[in-house]
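Visitor: have a look at this prediction, sequence included:
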Amino acid sequence: MISLNHTPQRAEMKAEYVIENDVLTVTIGESTEIFDFTGLSEGIAEEIIVEILPINPIVSAEKTGDVITVTVIRFYDAEEKHLFEAGEVNED
């Protein structure tokens, strides 16, 4: 079972994450890549390689017992800036 954690990052792209058992499917724009964590050994994954996506949205993956905790980038644009940034700097 995958538990997904999000870490925000400002970018002009969006990522869609779909979980099915131990498989994470990520779509960015027109590109889709499947990350199959089935059989992942206990502990932290040393390397996660991206072959199709324009950027690797996976920050880390760690298996503890039956749970695979995957931290991914939660891209946000200017319209969502208020959700993730505390305030704007006002330069006079």
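Guide: Sure thing, it's come through.
Visitor: quick check: the closest residue to Val23 other than its chain neighbours vs Ala86, distance?
Guide: Leaving out its chain neighbours, the residue that sits closest to Val23 by Cβ to Cβ, 6 or more residues apart in numbering is Asp36, at 5.1 Å. C-betas here are computed from N, CA, C, even on glycine. Separation of Asp36 from Ala86 (Cβ to Cβ, to the nearest Å) stands at 38 Å.
Visitor: between these two, who's got more neighbours?
Guide: Asp36 (11 against 5; other Cβ atoms under 10 Å).
Visitor: quick check: the more buried one touching Val26?
Guide: No: applying Cβ atoms under 8 Å as the test, Asp36 and Val26 come out as separate, 11.9 Å apart.
Visitor: helix, strand, or coil at the spatially most central residue of the chain?
Guide: The centroid of the chain falls nearest to Val72 when counting by Cα atoms, centre = their mean (1.9 Å). Here Val72 is recorded as strand under DSSP: H, G, I helix; E, B strand; the rest coil.
Visitor: and it, what does it touch?
Guide: By Cβ atoms under 8 Å, 6 or more residues apart in numbering, Val72 lies in contact with 4-7, 15, 17, 26, 57-59.
Visitor: please pull out the lowest mean pLDDT helix or strand from this structure.
Guide: When the helices and strands of the chain are scored by mean pLDDT, DSSP states H and E, helix 81-84 comes last with a mean of 80.
Visitor: so which elements touch it?
Guide: Contact partners of helix 81-84 among helices and strands, from 3 or more Cβ pairs under 8 Å, 6 or more residues apart in numbering; DSSP states H and E: strand 2-10.
Visitor: which of the residues in the helix or strand following the strand it packs on are buried?
Guide: Moving toward the C-terminus from strand 2-10, the next helix or strand (DSSP states H and E) is strand 15-20. Using 16 or more other Cβ atoms under 10 Å as the test for burial, strand 15-20 gives 15, 17.
Visitor: show me how far strand 15-20 is from its chain's centre.
Guide: Here strand 15-20 is found 9 Å from its chain centre; the criterion is Cα atoms, centre = their mean, to the nearest Å.
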